[in-house]
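# Coordinates for the following, if possible.
(2 chains)
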Amino acid sequence: MSVPILVSAAWPYANAEIHVGNLTGSYLPADIFARYQRLKGNQVLMVSGSDSHGTPITVRADAEGTTPLAVYQRFHEGFIDLFQQLGLNYDLFTSTHTQNHQKVSQSVFLALKKNGYLYTESQMQWYAPSQNRFLPDRYVEGTCYICGYENARSDQCDKCGNLLEADRLINPKSKIDCSTPELRSTEHFYIDLARLQDHVVDFLKIRDSYWRPNVMRQSLGQILAEKLHGRAITRDLDWGIPLPEEVMEEGKEWETKRLYVWFEAVIGYLSASIEWGKLAGNPEAWRTWWQNPESRTYYFIGKDNIPFHAVIWPAELIGAGKAFDEVMGDANPQPLVLPYDVPANEFMNLEGQKISGSRNWAVWARDFLTRYDPDALRYYLTVNMPESKDTDWDWDEFYHRNNDELVATWGNLANRVLSFCNKYWEGQVPDPGELTDLDTDLLKIIEEGFETVGDLIDAVKLRAAAAEAMRLASEVNKYLDMTAPWQQVKTDKPAAARAIFTALKAIDSLKILFAPFLPFTCDRLHGYMGYDGSLFGTQTTEILTDELGQHKVLRYDPTGATGKWEPSKLKAGDPLRQPVALFKKLDVSIVEEERARLGNK
RNA sequence: GGCGAGGUAGCUCAACGGUGGAGCAGUGGACUCAUAAGCCAUUGGAUGUGGGUUCAAAUCCCACCCUCGCCA
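Next up, the predicted model:
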């Protein structure tokens, strides 16, 4: 039975490079999970994209003297480059700056409106007559009316720390042109979360038994403590998604407003699924994951995003419901599937301190890959993944994990057995004759790994799953020491053949157990074991054009993927190839070299 | 100052109500197929401090101390 599984990975915000903490927080666990489910034969759809709207991007564009579009595109292309290098197999990695996403977001907006979950309200906001536009809070500075500090932001003073009432700021100035702004009333749409609260609480209670406690605490716990209240979903800005035409016809003032980025970015999971279907030539395909009660949707995110994915996004889905299909013009409207799990990770620190891009206290992923291999990074980030609490990236630990576990336990195991076999049986799997209990016991232990490792991945306990696979590799090393084929080969070659056959079969199985974590090296090992073709499909990029311009996407082509989550079927006489070491042993000097890079710009 | 997370073997972390574990490091040993890798044995612990609940607490409750983060 094949289950539809939607793997949603957090949308990286397109105004900064990706560091190792971002990877281990959401993108990497999503890929490991998706690869496992693909090997299992489930119907996997893994989607994400660049979050390309919002004030931080306009601020950066202003600072660099360029456009928000250029800022977003530069980082977006960097993300795609990184994800290819690291083997993150998105079925579609797109962007929120597409015509498709715009239409889907507007449809969710209209569906919420149709169901009565939107209302409008006025608020006072700084307006710059010199530019004919409203200014976001962080664009207005002035003198603090409490402490007299001259560069206080309009909403808050960095000197005395007080929250300020915008209309009492002394000598307000626009940060853009130093002109004097004035307060004007502006009207916005709000989502009526108070009226959706009961539905959201029911949704969360059903999932209480299997969600991570930290996620439950920040969703259900928070709601029960503080209640939900309406939240503005539009703002005065020109970079972002305009309101639907139906709304703009209601009044000219709506033409200058955009959807708030927190409201539309999460809709990306839905819009990307729809875009993927169109690209695959099946525009209805998205319904398999979004309208099928059997479908399971997983959202891999960092802890900073919990309220948006565990509360607000479900509220949007509940509030839109069948009306989404109606707005999109479908004759047989169906409700939308709510999140099955939100396995949010905590944060990864770096050498004992919080990662900080501005202080260059970070290990940048693309920079890392110029010196080390992707599987070495994937392994260390997996065994040190912050699944239940913050963890620490430590270069000395990276060095040890790489050399002592990846190289010594697993890589060396594959290498020693393949080399030995090539030496004495001329590159063929030897005929074992009849297996002894010792042999079948080992093979049984390894076969059980497909259950134990698989169950752990299913439960999104990835670090435990990787540790279990490594433990099984250790079992094979023990078996080899017990049988000692290097001695047997001198006195009893059939016995040596039996041991090497058994070890080869175990390694062939371990190759699959490790594949979700270490796809590059497992694919190479697949070749050394004599197979043609690869375990997984291939990644491709494409440039697409729509009314908003061009956007680059990363896609996944499953054609030619031969990997299956099942024990080895290797048999006597199968040909093998000459192995090359799977992993690079690192010199201890890298620890100090890498530490010296930190904090320097 | 408020909120949150955490303090378990030298290091990184599991156990989260029922005899304190793993990996690495350390020590001793046998082996040599392999990237001087692997294997066997073994030394390390008032689970931050003090109280409480319980037949039973690293685990639940309270106070305090320390670390880190977020907000201020």
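# can you pull out the helices in the stretch 151-300 of chain A?
Read by DSSP state H, counting those that start in this stretch, the stretch 151-300 of chain A holds these helices, from start to end of the chain: A:193-207, A:213-216, A:222-226, A:245-248, A:261-265, A:268-279, A:287-290.
# can those helices go into TSV with extra columns for distance to residue A:370 and mean neighbour count?
C-betas here are computed from N, CA, C, even on glycine. Formatted as TSV, the entries for the helices of the stretch 151-300 of chain A read as follows, by distance: least, Cβ to Cβ, whole Å; neighbours: other Cβ atoms under 10 Å:
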stretch	distance to residue A:370	mean neighbour count
helix A:193-207	42	17
helix A:213-216	34	18
helix A:222-226	42	12
helix A:245-248	48	14
helix A:261-265	30	23
helix A:268-279	29	23
helix A:287-290	36	21
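# what about residue A:509, neighbour count?
Neighbour count for residue A:509, taken as other Cβ atoms under 10 Å: 22.
# likewise residue A:111?
The burial count assigned to residue A:111 is 25, neighbours taken as other Cβ under 10 Å.
# Same question for residue A:153.
The local packing count at residue A:153 equals 18, with neighbours defined by other Cβ under 10 Å.
# for residue A:177, same thing?
Residue A:177 has 9 neighbouring residues, counting by other Cβ under 10 Å.
# How much space separates it from RNA strand B?
Separation of residue A:177 from RNA strand B (Cβ to the nearest atom of the strand, to the nearest Å): 26 Å.
# can you pull the contacts of the nearest residue to residue A:81 once chain neighbours are set aside?
In space, and not counting its chain neighbours, residue A:81 is closest to residue A:366: 6.9 Å by Cβ to Cβ, 6 or more residues apart in numbering. Contacts were defined as Cβ atoms under 8 Å, 6 or more residues apart in numbering; by that measure residue A:366 touches A:17, A:18, A:78, A:81, A:82, A:85.
# Relative to residue A:64, which of the helices of the stretch 151-300 of chain A is closest?
helix A:261-265 (19.4 Å; Cβ to Cβ).
# just the helices in the stretch 451-600 of chain A please.
Listed in chain order, the helices found in the stretch 451-600 of chain A under DSSP H, counting those that start in this stretch are A:462-483, A:485-491, A:493-514, A:519-528, A:589-597.
# got these as a markdown table, with distance to RNA strand B and mean pLDDT columns?
Formatted as a markdown table, those follow (distance: least, Cβ to the nearest atom of the strand, whole Å; pLDDT from 0 to 100):
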| stretch | distance to RNA strand B | mean pLDDT |
| --- | --- | --- |
| helix A:462-483 | 3 | 90 |
| helix A:485-491 | 4 | 94 |
| helix A:493-514 | 9 | 96 |
| helix A:519-528 | 8 | 96 |
| helix A:589-597 | 12 | 85 |
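# which one of these is the most hemmed in?
Of all the helices of the stretch 451-600 of chain A, helix A:493-514 carries the top mean neighbour count, a mean of 23, counting by mean count of other Cβ atoms under 10 Å.
# That helix vs helix A:462-483, what angle?
On the basis of axes from the mean of the first three to the mean of the last three Cα atoms, to 10 degrees, helix A:493-514 is oriented at 180 degrees to helix A:462-483.
# Find the closest residue to RNA strand B in chain A.
Proximity of chain A to RNA strand B (Cβ to the nearest atom of the strand) peaks at residue A:408, 2.7 Å away.
# where are the low-confidence patches of chain A?
Screening chain A residue by residue with the criterion pLDDT under 70, one finds the ranges A:1, A:138, A:146-149, A:154-166, A:600-601.
# What residues sit buried inside stretch A:27-42?
By neighbour count, with 16 or more other Cβ atoms under 10 Å as the criterion, the buried positions of stretch A:27-42 are A:27-40, A:42.
# Looking at those, which one is closest to residue A:488?
Within the set of these, residue A:39 lies nearest residue A:488; the separation is 34.4 Å, counting by Cβ to Cβ.
# That closest one: what's it in contact with?
Remark: with contacts taken as Cβ under 8 Å, 6+ apart, residue A:39 is in contact with A:512, A:515, A:516, A:535, A:563, A:564, A:565.
# Return the backbone torsion pair for the residue nearest to residue A:81.
With angles defined as degrees, to the nearest 10, residue A:366 shows backbone torsions of phi -70, psi -40.
# same deal with the one 4 residues further on?
Backbone dihedrals for residue A:370, given as degrees, to the nearest 10, come out at phi -80, psi -20.
# what residues are up against the residue sitting furthest away from the middle of chain A?
In terms of distance from the mean C-alpha position of chain A, residue A:491 ranks first, at 54.0 Å (Cα atoms, centre = their mean). Residues near residue A:491 by Cβ under 8 Å, 6+ apart: none.
# And it, how far from residue A:327?
78 Å (Cβ to Cβ, to the nearest Å).
# Just give me the neighbour total for the closest residue to residue A:598 other than its chain neighbours.
Nearest residue to residue A:598, sequence neighbours excluded (Cβ to Cβ, 6+ apart): residue A:361, at 5.9 Å. Residue crowding around residue A:361 was assessed by other Cβ under 10 Å; the count is 17.
# Ok, residue A:102 next?
Residues near residue A:102, counting by other Cβ under 10 Å, number 21.
# can you list the domains in chain A?
Partitioning chain A according to automatic domain parsing yields domains covering residues A:4-116+A:191-345, A:393-529+A:570-592.
# thinking again about what came up before, residues near the residue of chain A closest to RNA strand B, how many?
The criterion is other Cβ under 10 Å. On that basis, residue A:408 has 14 neighbouring residues.
# What segments of the stretch 1-150 of chain A are helices?
Going by DSSP H, counting those that start in this stretch, the stretch 1-150 of chain A shows helices at A:20-22, A:28-39, A:55-64, A:68-86, A:99-114.
# could you dump the second one to CSV, C-alpha only?
Coordinates of each C-alpha in helix A:28-39 appear next as CSV, following Å, rounded to 0.1, in the frame of the first residue of the first chain:
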residue,chain,number,x,y,z
LEU,A,28,18.1,18.2,5.7
PRO,A,29,15.6,16.3,7.9
ALA,A,30,13.0,16.9,5.2
ASP,A,31,15.3,15.3,2.6
ILE,A,32,16.2,12.3,4.7
PHE,A,33,12.6,11.7,5.4
ALA,A,34,11.6,12.1,1.8
ARG,A,35,14.3,9.8,0.5
TYR,A,36,13.3,7.1,3.0
GLN,A,37,9.6,7.3,2.0
ARG,A,38,10.6,7.1,-1.7
LEU,A,39,12.7,4.0,-1.1
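# Report the inter-axis angle for it versus helix A:519-528.
For the pair helix A:28-39 and helix A:519-528, the angle between their directions (the same axes, to 10 degrees) equals 30 degrees.
# between helix A:28-39 and helix A:68-86, how many degrees?
Computed with the same axes, to 10 degrees, the direction of helix A:28-39 lies at 60 degrees from that of helix A:68-86.
# Helix A:28-39 near RNA strand B at all?
No: on the criterion Cβ under 7 Å from any atom of the strand, helix A:28-39 is out of touch with RNA strand B, staying 14.6 Å away.
# I'd like the distance from that helix to the chain centre, please.
Distance of helix A:28-39 from its chain centroid, counting by Cα atoms, centre = their mean, to the nearest Å, is 11 Å.
# can you check stretch A:217-232 too?
25 Å.
# same thing with stretch A:245-261?
The chain centroid and the centroid of stretch A:245-261 are separated by 32 Å, computed with Cα atoms, centre = their mean.
# Name the residues that touch it?
Contact with stretch A:245-261 is made by A:51, A:53-55, A:105-106, A:109-110, A:113, A:133-134, A:186-188, A:232-243, as judged by Cβ under 8 Å, 6+ apart.
# now those residues: which count as buried?
Among these, those classed as buried by 16+ other Cβ under 10 Å are A:51, A:53-55, A:105-106, A:109-110, A:113, A:133-134, A:186, A:188, A:233-237, A:239-243.
# sorry, back to before: give me the subset of the contacts of residue A:39 lying in strands.
Residues of the contacts of residue A:39 located in strands (DSSP state E): none.
# which of those has the most neighbours?
Neighbours here mean other Cβ under 10 Å. Within the contacts of residue A:39, the largest count is held by residue A:516, at 31 neighbours.
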